[in-house]
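Engineer: Give me a model of this one.
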Amino acid sequence: MNHPWGVDVDDSGNLFIADLSNHRVRKVTFFEPVVLESLTIAPATATIAAGLTQQFTATGNFSDSSPQDLTRSVTWSSNNEPVATIAAGDLATGVADGTATITATLAGINDWAALNVAQLATCGDTLTTHATLSADLDCTGTTGTVFTFAADSVVFDGQGYKFLAPSAPLMVSSIGNSGVSILNMDLSGTASNGLKISGGSGNLVSSVDVSYTGVTPAGYGVQLESSTNNVIQNVTATNRNPGVWLTGTSGGNTIQNNNFSGNNFAIHASQLGQGNSYLNNDLPNTTTCAIIVGATIRFRSRATTIR
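Structural biologist: You can find the predicted model right below:
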């Protein structure tokens, strides 16, 4: 602007300046600076074995609502380097069993993620520390329980991999433990039963497939035996008898967002257990009875969705 001459503001609050030399009227536009408001790390939780790596990303959330990949711009750190380290980039490496908090920081703003470093599970293991898989696991020769929990608060994250154990009477067992997490694994096949939690409380089973691949429904998918306040969610149990089985005094459990398809009984609950919740479970193609609670309450249908 060579020769500003006079200013004016219209009814909408816009500012105009007359540019005498160029014979123009120019509108003045004000820009607010865009600032970083928060960071988001993904994944928020991960499990790896010692010696393996986990990639993290950091997304910046700005004041103009625009996200931006800041993975290479943030400063990465681990609060527990004897368990896990993270390079200047975005790649964390497991060192030893335990849990580390991975933090991304930029301009005084940070976010964090939990990284569990666990043992690599092998057939027949008794689990007392966090465990994980890095590939499908063939346990064809195993004739006993494939995995047994023997401590509280143990996380077993299968990372979506499959266990093959056609001769096993039971895939996973937890007896008397609390706070156990059984996550992200494929236990489907011809094993007699899926997984069993006996006693204890506050356990979590999530994103697990315990389907039976034989001709007719056989064995249970998930059994809770006198166990309380557990969460069974996002479980697939097809062709089982039943899909989920609550026995003894199992009470206060939440059974939600599961797919129990083609089972002889989808949900079978003892009359001794109180306060169990069944939420948003799909129970299609049940051959005998969708839900049995105790000995007197039944909902019969061949294709039932409980919402």
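
Engineer: Okay, now the sheet partners of the lengthiest strand in the chain, with direction.
Structural biologist: Longest strand in the chain, counting residues (DSSP state E): strand 109-120. Sheet pairing for strand 109-120, assigned by DSSP bridges, gives strand 45-49 (parallel), strand 98-106 (antiparallel), strand 131-132 (parallel).

Engineer: Just the buried residues of it, please?
Structural biologist: Using 16 or more other C-beta atoms under 10 Å as the test for burial, strand 109-120 gives 109-111, 113, 115-120. (C-beta placed from N, C-alpha, C; glycine too.)

Engineer: Mind putting the residues you listed into a markdown table with pLDDT?
Structural biologist: Formatted as a markdown table, the buried residues of strand 109-120 follow (pLDDT from 0 to 100):
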| residue | pLDDT |
| --- | --- |
| 109 | 97 |
| 110 | 97 |
| 111 | 98 |
| 113 | 98 |
| 115 | 95 |
| 116 | 90 |
| 117 | 93 |
| 118 | 92 |
| 119 | 90 |
| 120 | 91 |
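
Engineer: how near is residue 127 to residue 160?
Structural biologist: 18 Å (C-beta to C-beta, to the nearest Å).

Engineer: So between these two, which is more surrounded?
Structural biologist: Each of residue 127 and residue 160 has its neighbours counted (other C-beta atoms under 10 Å); residue 127 has more, 22 against 13.

Engineer: and the more buried one, bridged to which residues?
Structural biologist: Judged by DSSP bridges, the bridge partners of residue 127 are residue 149.

Engineer: Check residue 99 too.
Structural biologist: Beta-bridge partners recorded for residue 99 (DSSP bridges): residue 116.

Engineer: burial of it, as a residue count?
Structural biologist: Neighbour count for residue 99, taken as other C-beta under 10 Å: 17.

Engineer: Need the per-residue pLDDT for it.
Structural biologist: Among the per-residue scores, residue 99 shows a pLDDT of 92.

Engineer: wait, what's in contact with it?
Structural biologist: Listed by C-beta atoms under 8 Å, 6 or more residues apart in numbering, the contact partners of residue 99 are 80, 83, 114-117, 130.

Engineer: didn't residue 276 look like it was pressed against residue 246?
Structural biologist: Yes - assessed by C-beta atoms under 8 Å, residue 276 is found in contact with residue 246 at 6.4 Å.

Engineer: Of those two, which one has the most company?
Structural biologist: Neighbour totals were compared for residue 276 and residue 246, and residue 246 leads with 27 against 19 (other C-beta under 10 Å).

Engineer: Name the SS class of the more buried one, please.
Structural biologist: strand (DSSP: H, G, I helix; E, B strand; the rest coil).

Engineer: The one 4 residues further on too?
Structural biologist: With three-state DSSP as the basis, the three-state label of residue 250 is coil.

Engineer: confidence score at residue 298?
Structural biologist: If you check residue 298, the pLDDT there is 35.

Engineer: what are the phi and psi values for residue 122?
Structural biologist: When read as degrees, to the nearest 10, the backbone of residue 122 gives phi -130, psi 160.

Engineer: which residue packs closest to it, ignoring adjacent ones?
Structural biologist: Nearest residue to residue 122 in three dimensions, chain neighbours excluded: residue 137, at 7.5 Å (C-beta to C-beta, 6 or more residues apart in numbering).

Engineer: Wait, residue 128 touches residue 153, no?
Structural biologist: No - look at residue 128 against residue 153 with C-beta under 8 Å: they stay out of range, at 10.5 Å.

Engineer: Point out where the chain drops to low pLDDT.
Structural biologist: Across the chain, the ranges flagged by pLDDT under 70 are 1-6, 8, 13, 20-26, 28-31, 294-307.

Engineer: Residue 270 versus residue 224, what's the distance?
Structural biologist: 9 Å.

Engineer: Residue 214 too?
Structural biologist: Remark: distance between residue 214 and residue 270 (C-beta to C-beta) = 26 Å.

Engineer: Just want to know which of those two has more residues nearby.
Structural biologist: residue 270 (21 against 14).

Engineer: check contacts around the closest residue to that one other than its chain neighbours.
Structural biologist: Closest residue in space to residue 270, ignoring its immediate chain neighbours: residue 247 at 5.1 Å, by C-beta to C-beta, 6+ apart. Contacts for residue 247 (C-beta under 8 Å, 6+ apart) come out as 223-226, 270.

Engineer: from what I can see residue 157 touches residue 132, true?
Structural biologist: Yes - using C-beta under 8 Å, residue 157 is in contact with residue 132, at 5.0 Å.

Engineer: Quick check: neighbours shared by these two?
Structural biologist: Here residue 157 and residue 132 have 47, 116, 118 as joint contacts, going by C-beta under 8 Å, 6+ apart.
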